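>>> make a model of this:
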Amino acid sequence: MSSNPTRHLVRYGGSFSPDLISRADGSYVYTESGRALLDFTSGQMSAILGHSHPDIVATVREQVGTLDHLFSGMLSTPVVQLAQRLAESLPEPLEKVLLLTTGAESNEAAVRMAKLVTGKHEIVSFTRSWHGMTHAAAAATYSSGRRGYGPVAAGNLALPTPNAYRPDFTHPDGSLDWQRQLDFGFEMIDAQSIGSLAACIVEPILSSGGVIDLPPGYLRALKDKCEQRDMLLILDEAQTGLCRTGDWYAFQRDQVVPDILTLSKTLGAGLPLAATITSTEIEAIAHERGFLFFTTHVSDPLVAAVGNTVLDVLIRDELDDRARRAGALLRDGLLSIAGRHDVVGDVRGRGLMQGIELVTDRDNKTGADELGAAVTRRCYDLGLHMNVVQLPGMGGIFRIAPPLTATDDELRSGLEMLDQAIGECAA
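Model (predicted):
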């Protein structure tokens, strides 16, 4: 192997880790030299059951030797079962399931369906959104990657992100006035729209946008705005779906059911599996109008079998409850760190999807990109893999998403390493 392992690789964003990874197990990944790294990102928020979970390994071994891939028009038992089980896990009217591979692909299908069903083309998303790198998904992504690629799909409109830590509309006490911000946002959208508003696509917790949890009540108000304009609401639960926040789906906290739901990362527990889920009514209209999303890996049996196993483990081990309890431990630990270090400006998130934002000045909330990079490097040296938001102006924001299977001791160990790294780098 070349002494420079990245020599023949296209650089696709951010930077590569300094070591080659040889294996992964549970909450840890291991370098070729044998060093263990506690993975506080669970494989970029995907491996909710940890790495190499024995049930997943067994399913893959059995399924790959039996039925792994088919012509896209052929169905298999794992696909039919997974669609049924996902429908049963969701409130009405969500019961029609399209199984795909990535989050971008599931969002692509959702946007394509929304445009076809409504007969309109304008798509609204948050100013700090991230929905993927394919055409429609990238057009609805504002946090990064827009410059230099030419025109995006016509009709994409940005909605202000309700960031409680950095509010732009405030109550007299300085807290975020999200209702006024939302009203203003839609006044701007209405002014720019040509009367063709098809859908609004949002994450319940913006992850790449800085771990921004939508304020309670916001999602209900957003749904109302959409209904007033005959728009569909698409929720992208790539990272929040399937127990990570302590609920099976993050939208359940707000008792709001989207018109279309997209799942990905957590559904495959690290393998490429995604889903676009909608109502019978919407699916019927889409079908009547010739909905086309025929891909090579649509309805693949191998990953569908994995998805069924993911549901089995989530139910059997009551991992929604585990995420709530572990999330409380994690939050207490992060708040304790914030109490010891003035550079920690904010702690936010839900369950086992939380974040901290580092600042150089708490009063002015000045960003700390350089400090974030230094803390990331020091954590890695100590044996903790952390994910800092690698976007301009957000380099001091860490996304913390350990596996749902992480033990309390592993969470405490990670918190101790993070505490030490912040203390040393901020000194």
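
>>> and Gly73, how many neighbours does it have?
Neighbour count of Gly73, defined by other C-beta atoms under 10 Å: 8. Backbone N, C-alpha and C define where each C-beta goes, glycine included.

>>> that's a strand at Ile201, yeah?
Yes: assessed with DSSP: H, G, I helix; E, B strand; the rest coil, Ile201 lies in a strand.

>>> list the buried residues in stretch 355-370.
355-360, 367-369 (16 or more other C-beta atoms under 10 Å).

>>> swap in stretch 81-95?
Buried residues in stretch 81-95, defined by neighbour count with 16+ other C-beta under 10 Å: 82-83, 85-87, 89-90, 94-95.

>>> could I get these as a markdown table with distance to Arg147, secondary structure and pLDDT?
Shown next, in a markdown table, are the buried residues of stretch 81-95 (distance: C-beta to C-beta, whole Å; DSSP: H, G, I helix; E, B strand; the rest coil; pLDDT from 0 to 100):
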| residue | distance to Arg147 | secondary structure | pLDDT |
| --- | --- | --- | --- |
| Leu82 | 39 | helix | 98 |
| Ala83 | 39 | helix | 98 |
| Arg85 | 42 | helix | 98 |
| Leu86 | 37 | helix | 98 |
| Ala87 | 40 | helix | 98 |
| Ser89 | 40 | helix | 98 |
| Leu90 | 38 | coil | 98 |
| Leu94 | 36 | strand | 98 |
| Glu95 | 40 | strand | 98 |
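
>>> now the two most distant members of these.
In terms of C-beta to C-beta, the buried residues of stretch 81-95 reach their longest pairwise distance at Leu82 and Leu94, which sit 14.2 Å apart.

>>> name all residues that make contact with Val211.
Neighbouring residues of Val211 by C-beta atoms under 8 Å, 6 or more residues apart in numbering: 205, 348-349, 353-355, 397, 399.

>>> looking at those, which is nearest Val29?
Arg399 (16.5 Å).

>>> distance check, Glu108 against Arg7.
32 Å (C-beta to C-beta, to the nearest Å).

>>> hmm, I was thinking of Glu32
Using C-beta to C-beta, Glu32 is found at 17 Å from Arg7.

>>> what are the boundaries of the helices in this structure?
Assigned by DSSP state H, the helices in the chain fall at 42-45, 54-64, 77-89, 103-118, 135-139, 178-192, 218-228, 280-288, 301-316, 319-340, 369-382, 408-426.

>>> would you point to the one among the ones you listed that's packed deepest?
Greatest average neighbour count among the helices of the chain goes to helix 103-118 (a mean of 25), per mean count of other C-beta atoms under 10 Å.

>>> and for it, what's in contact with it?
Here helix 103-118 makes contact (C-beta under 8 Å, 6+ apart) with 98, 100, 121, 123, 131-138, 140, 198-199, 201, 230-232, 234, 236, 238, 259-260, 262-265, 274-276, 278, 282, 285-286, 289-291, 293, 295.

>>> CA-only coordinates of it in CSV, if you can.
Output in CSV follows, covering the C-alpha atoms of helix 103-118 (Å, rounded to 0.1, in the frame of the first residue of the first chain):
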residue,chain,number,x,y,z
GLY,A,103,-31.0,9.9,2.8
ALA,A,104,-30.5,12.1,-0.2
GLU,A,105,-32.3,9.5,-2.4
SER,A,106,-35.2,9.3,0.0
ASN,A,107,-35.5,13.1,0.1
GLU,A,108,-35.2,13.2,-3.7
ALA,A,109,-38.1,10.8,-4.0
ALA,A,110,-40.1,12.8,-1.5
VAL,A,111,-39.6,16.1,-3.3
ARG,A,112,-40.3,14.5,-6.7
MET,A,113,-43.5,13.0,-5.3
ALA,A,114,-44.6,16.3,-3.7
LYS,A,115,-44.1,18.1,-7.0
LEU,A,116,-46.1,15.6,-9.0
VAL,A,117,-49.0,15.3,-6.5
THR,A,118,-49.4,19.0,-6.0
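
>>> average pLDDT for stretch 180-200?
For stretch 180-200, mean pLDDT is 98.

>>> need the residues that contact it.
110-111, 114-115, 118, 120-125, 155, 157, 159-160, 162, 167-169, 218, 221-222, 225-226, 229-234, 259-260.

>>> go on, stretch 271-278?
Stretch 271-278 is contacted by residues 56, 60, 86-87, 90, 94-103, 105-106, 109-110, 113, 238, 259-264, 267-268, 286, 297, 303-304, 306-307 when judged by C-beta under 8 Å, 6+ apart.

>>> any buried residues in stretch 161-181, and which?
161-163, 165, 169, 176-178, 181.

>>> so which of these comes closest to Gly333?
Checking the buried residues of stretch 161-181 one by one against Gly333 (C-beta to C-beta), the nearest turns out to be Tyr165, at 19.2 Å.

>>> contacting residues for the closest residue to the closest one other than its chain neighbours?
Nearest residue to Tyr165, sequence neighbours excluded (C-beta to C-beta, 6 or more residues apart in numbering): Asp346, at 4.5 Å. Contacts for Asp346 (C-beta under 8 Å, 6+ apart) come out as 165, 338, 355-357.
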